[in-house]
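*Asks:* Give me the fold of what follows.
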Amino acid sequence: MTFFRPTQSLIKVLLLGLIIFGCNKNNQVPDSNIDLTIFFINDYHSQIDNFSKIKHIIDQERQQTNVLVVGGGDIFSGSPVVDYHPEKGYPMIDMMNRVGFDVAVLGNHEFDYGEEILKDRFEQAKFVWVCANVDMGSTDVPQPLPYKTITIGDSKITFLGLIETNGKQDDIIPSTHPWRVQNFVFERPENVVGQYSNLKETENADLLIALTHLGFDGGDRNLGDSQLAQQFPYFDLIIGGHSHQKINAIVNDIPIVQAGSYLNYLGKVELSVKQKSIASINYELIDLNIYSDFDAELKAIIDEYNDLPYLSEVVGNSQVYHERSQVGCFVADALQGRMAVDVSFQNGGGVRSDLNEGDITKREIYEISPFNNGTVIYSMSVLEIKEFLIGTGSGFYYSGIQIIQDERDVIIKDINGSTLTNDVILTVGVLDYIAAVNDSYFPPNGAIQDLNDAETIISYLETINSEVNYQNCSRYFRFQY
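*Replies:* This is a model prediction of the structure:
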């Protein structure tokens with residue numbers, strides 16, 4: 001009888017196989033693919049109506065695969081249903097909790113309501129807040145995590161949060177009312193990211209994702225998502241916000257996505273992950289305005305939030321459809337007329353909605369001016385006004401005067417076309433936001449008014465002029481260097 005005698009080399013091969021497959025749970029081949037779907041929204045600005053559709057979509061997907069749901073910032077400011085709720089902002093937190101969000105980055109408009117309200121909304125959230133470049137300082141607002149690692153299935157996904165800090169020329173704050181962030185401490189995101197160059201390794205994460213509120217392109221001066229990918233290529237994926245864009249791009253081999261704004265779209269990224277990198281990626285932007293299914297229970301809650309008859313009160317009539325630039329002219333006139341000043345300025349970013357033809361409701365005015373900015377009157381010389389326009393380089397709608405750039409100078413005329421000399425004193429009506437951001441150009445004391453911006457516009461329509469027709473208006477000035 002002949003016996004088989006294995007060679008020493010064959011024994012080594014067999015032992016190696018036992019080690020590999022014996023230590024691998026369920027005898028699976030190591031480094032098998034991880035399938036994961038990430039849903040995301042950004043810049044949703046207090047819009048709640050489409051959350052019932054979002055919940056329906058996500059609940060279906062959860063039955064098929066691993067799912068994470070993330071928010072790219074700017075939860076608040078955009079609808080009176082949320083912004084004037086007895087608990088300012090709470091309906092948005094309620095929606096996100098019910099949908100089952102996992103993590104959200106802070107956006108600049110999260111600070112619009114002030115410290116105490118932000119504290120309450122933080123504590124009500126069942127999801128995790130992340131932001132690596134903010135310190136809550138002396139406030140009582142809970143400190144967000146710089147990053148969060150979430151274990152889902154057999155995978156670990158790490159999200160690093162970043163917020164923009166471009167709100168004021170001589171300060172490091174996000175683009176919100178400066179008076180509402182005085183007790184917070186922010187750092188430039190580009191000065192922080194390098195601290196997390198080894199985060200993926202230290203967390204033993206399968207993916208490192210930047211969840212940002214920076215905007216897609218920061219240009220030469222600021223860090224946007226595209227600059228983040230070029231300068232700090234640590235990330236497998238960047239999910240962004242702030243610039244209200246529909247983005248599906250690859251920069252420096254890093255996918256960057258963004259899902260528009262105002263809850264018109266739901267972003268969906270399907271990932272296959274192998275050996276701690278993305279093996280395949282599929283991006284889809286779901287148009288929520290044409291998606292027909294919804295979660296009935298959540299829709300009933302949304303309908304209850306929306307049941308506010310006072311918002312349907314008619315306060316005027318729009319004789320034509322107005323684009324946002326035309327609305328800016330109307331708002332400037334309304335501020336000047338109701339505040340009874342010589343000239344008014346309205347910042348372009350403060351006009352947040354178009355105006356449809358027909359009846360104008362209070363809801364529409366609150367959507368045009370959602371930030372609850374105060375109004376204030378200053379006495380300023382023509383020279384001071386010129387210095388303000390030239391020095392800030394910002395764009396403003398205006399009323400009560402004519403403004404012309406003459407090479408490196410500005411000429412200001414009255415409404416009849418007569419040039420005003422530099423020593424002429426004018427009363428100037430502005431939002432307190434404009435004065436706060438550009439405080440070096442305004443006198444230290446102004447006359448604070450009783451009405452905020454939206455209330456001022458509503459009062460103008462109700463008491464001075466209810467007819468709106470600005471189809472040929474172009475009163476917008478930005479000094480060109």
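*Asks:* Enumerate every residue touching Gly429.
*Replies:* Shown in contact with Gly429 (Cβ atoms under 8 Å, 6 or more residues apart in numbering): Leu335, Gln336, Met339, Val341, Val343, Ser344, Phe345, Thr375, Val376, Ile377. (Each C-beta comes from the backbone N, C-alpha and C, glycine too.)
*Asks:* Next one: the nearest residue to the last one once chain neighbours are set aside from Lys168, what distance?
*Replies:* Taking Cβ to Cβ, 6 or more residues apart in numbering as the measure, Ile377 lies nearest to Ala447, with 4.3 Å between them; neighbours along the chain are not counted. Distance of Ala447 to Lys168, given as Cβ to Cβ, to the nearest Å: 23 Å.
*Asks:* Which of the two has more residues huddled nearby?
*Replies:* Between Ala447 and Lys168, counted using other Cβ atoms under 10 Å, the more crowded position is Lys168 (17 against 13).
*Asks:* residues touching that one, list them.
*Replies:* Neighbours of Lys168 in contact, by Cβ under 8 Å, 6+ apart: Pro178, Val437.
*Asks:* Next one, pLDDT for it please.
*Replies:* Per-residue confidence (pLDDT) for Lys168: 96.
*Asks:* now Gly153
*Replies:* Reported pLDDT for Gly153: 86.
*Asks:* Same question for Asn42.
*Replies:* We note a pLDDT of 98 for Asn42 in this prediction.
*Asks:* right, and it touches Gln245 too?
*Replies:* No: using Cβ atoms under 8 Å, Asn42 is not in contact with Gln245; the gap is 9.2 Å.
*Asks:* shared neighbours, these two?
*Replies:* Gln258, Gly260.
*Asks:* quick one, which of those two is more surrounded?
*Replies:* Using other Cβ under 10 Å, the more surrounded residue of Asn42 and Gln245 is Asn42, with 33 against 19.
*Asks:* Report the central residue of this protein.
*Replies:* Asp74 (3.2 Å; Cα atoms, centre = their mean).
*Asks:* Quick check: nearest residue in space to that residue, chain neighbours excluded?
*Replies:* Asp74 sits nearest to Gly107 (Cβ to Cβ, 6+ apart), 3.6 Å away.
*Asks:* Contacts only, for that neighbour.
*Replies:* Contacts of Gly107 by Cβ under 8 Å, 6+ apart are Asn42, Asp43, Gly72, Gly73, Asp74, Ile75, Ile163, Pro174, His213, Gly241, His242.
*Asks:* Tell me which of those fall in strands.
*Replies:* Ile163, His213 (DSSP state E).
*Asks:* who's in contact with Lys268?
*Replies:* Neighbouring residues of Lys268 by Cβ under 8 Å, 6+ apart: Thr37, Ile38, Phe39, Phe40, Glu61, Tyr283, Glu284, Leu285, Ile286.
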